[in-house]
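>>> Pasting a predicted model and its sequence here:
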Amino acid sequence: MIRRHEDIIIESLARFLTPFIQAFALYVLFLGHYSPGGGFQGGVLMGASFILLVIAYDIIEGKRRITEKFNIVLNATGVMVFSGTGLLCLILGGEFLDYSQLAAILPVGPEEARGLGILAVEIGVEITVAAIMVSIFLDLASAGEHEEALK
Amino acid sequence: MDTFFITTGVILGLLTLVCLYRVVAGPTVLDRIIAVGAIGNKTTAILLLMGMIFGRVEMFVDISISYALLNFIATLGAAKYFRVRKSIVPGSKYLKEKGIS
Amino acid sequence: MSFFVTFIILFVYWMVMAGKFDIFHASLGVISCLFVSYMSHDLLFKNIKSGGKIKEVVRFILYIPWLIYQIILANLHVVRLALSPNMYDLIDPHLMRFKIKIKKDISKVTFANSITLTPGTITADIIDDEFVVHALSQAVDDDLMTGEMERRVAHIFSED
Amino acid sequence: MSIMSIVSILFIAGGTFFFFGATVGLIRFPDFYARMHATGKGDTLGAFLVVIGIALYNLHNGLELGSILTSIKVIFIAIFIFLANPTATHAITKGGLDAGVVPWTKEKTK
């Protein structure tokens, strides 16, 4: 029922492209403040690379790489990174997401601390967006029954 | 040189509008997918031309790469989605049953 | 093995994309490339064999100019058909199928994409060692039947 | 006007011409397999030429590290288009074949 290697052209190209798309997604995340980009766009590209793999192979291969449980954990981790950074600022005596307070625990000045704080928040956004995209795609593509869809 | 870039961009934009006719009028879904893919290719080029006009190519090239990637994945996904639905054209027979060509 | 090769390729790619060579960005690059190569090191190279890769890459690069010449011919062919007023007399679309001799997956993929890019033919399907090709007019599949492209592709991946 | 800008103008104009041919083919050809021929080839070469022309023109102010890196990135787009476009063409054609769209042939119209 699940036919593997049904189309070697798409499969080879997906295998060739996926690492580069993922590296590009992380590039968009980390250099977002020099060029358009950031957490959301990087997360979309990261999720899209996974969707490309699922399209080229099948849903079983996708679930072998990221299981549903791990996906839920990733969702929660992203939100926790985001809100944890904000809460850390709150605990350190500033307002919510007031990154300059992070300088108290980091060995840098307030300006660099602000940049690092934004980076941490963007990492959280990226993880959440990628995980949510993947789970929405899996739910839609399989209509609730993962073995049936996109074979 | 800017005039040349703007002219090229306008021509490509008009071609995009012509492709839009196929998106609206295409008899089957696959025609629409092709036309959307063609529009995406032109948009990749138009984004780079816009970067040349504004003098910020290093910024627009990232948008262009992302656009090309997402366009490609969207085309593949649409093609795969309509492949598992066996009949697109009403009344057509499934080709594999009677053998191709 | 494939992990390290993937990491090196991705790191070069990252540094070219980033264009910033200070310690902070380089360490970010190392982190993200390690992450990506951990996630997908089995994708880029399925089974790496020692030797022969460099020769294939060189032969592939030497193949590209001939391919670009064929692509330009293909485009002139399509544009001439599209712009000619009596287009319906000139085109004769049909499906054809033929067997090929090359075995490796990568050769098949190269051959299929080359067929798609060259005059008047599109690879529609690959069933084991049989190609289904949609041709736009009768003259072009005679070109394909001479088998020159298949010989060239087989030469790249040393299958001749 | 240096030589490089003239060459890049030629490239971009050629790419626009092939885009034009592809679009006319997309409108005029009888069925979607034939339209596939127009877009799959014409758009590939058109986008490829335009992108290469832009990468060349980007270097006309002299060879600095930043502009060379930007040109390499632009050439990545060209390589990507070169790989991705035939694959998308193949995917749609296979989709049409599997979905049972009968190709238009000459005998049917007579």
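Perfect, I can see it now.
>>> Can you pull out the low-pLDDT segments for chain A?
Within chain A, the set of residues satisfying pLDDT under 70 comprises A:1-6, A:143-151.
>>> Which residues of it lie near chain C?
A:7-9, A:12-16, A:18-20, A:22-24, A:26-27, A:29-31, A:34, A:53, A:65 (CB under 8 Å from any CB of the partner chain). For the C-beta atoms, the positions are set from N, CA and C on the backbone; glycine is no exception.
>>> could you flag which of these are buried?
Neighbour-count burial (16 or more other CB atoms under 10 Å in any protein chain shown) is assigned, among the residues of chain A next to chain C, to A:7, A:9, A:12-15, A:18-20, A:22-24, A:26-27, A:29-31, A:53, A:65.
>>> Tell me how many other residues surround B:Pro20.
Quick fix: residue B:20 reads Leu, not Pro. 13 (other CB atoms under 10 Å in any protein chain shown).
>>> for A:Ala56, same thing?
Neighbours of A:Ala56 using other CB under 10 Å come to 25.
>>> residue contacts, it?
Neighbouring residues of A:Ala56 by CB atoms under 8 Å, 6 or more residues apart in numbering or on different chains: A:Asp7, A:Ile10, A:Glu11, A:Leu13, A:Ala14, A:Arg15, B:Leu76.
>>> wait, what's in contact with the residue of chain D found nearest chain A?
Using CB to the nearest CB, the closest approach of chain D to chain A is made by D:Thr87 at 4.9 Å. Listed by CB under 8 Å, 6+ apart, the contact partners of D:Thr87 are A:Ile9, A:Ile10, A:Leu13, B:Phe72, B:Leu76, C:Asn113.
>>> Near chain D, list only the ones from the residues you listed.
Restricting the contacts of D:Thr87 to those within reach of chain D (CB under 8 Å from any CB) leaves A:Ile9, A:Ile10, A:Leu13, B:Phe72, B:Leu76, C:Asn113.
>>> any chance of these in a markdown table, with secondary structure too?
Below are the ones next to chain D among the contacts of D:Thr87 laid out as a markdown table (DSSP: H, G, I helix; E, B strand; the rest coil):
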| residue | secondary structure |
| --- | --- |
| A:Ile9 | helix |
| A:Ile10 | helix |
| A:Leu13 | helix |
| B:Phe72 | helix |
| B:Leu76 | helix |
| C:Asn113 | helix |
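>>> want to try JSON lines for these, with distance to D:Leu49 as columns?
Shown next, in JSON lines, are those (distance: CB to CB, whole Å):
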{"residue": "A:Ile9", "distance to D:Leu49": "24"}
{"residue": "A:Ile10", "distance to D:Leu49": "26"}
{"residue": "A:Leu13", "distance to D:Leu49": "22"}
{"residue": "B:Phe72", "distance to D:Leu49": "19"}
{"residue": "B:Leu76", "distance to D:Leu49": "24"}
{"residue": "C:Asn113", "distance to D:Leu49": "18"}
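>>> Three-state assignment for the residue of chain D closest to chain A, please.
When states are read from three-state DSSP, the local structure at D:Thr87 comes out as helix.
>>> State the distance from it to D:Met36.
As judged by CB to CB, to the nearest Å, D:Thr87 and D:Met36 stand 13 Å apart.
>>> now do A:Gly62
For A:Gly62, the distance to D:Met36 - CB to CB - is 28 Å.
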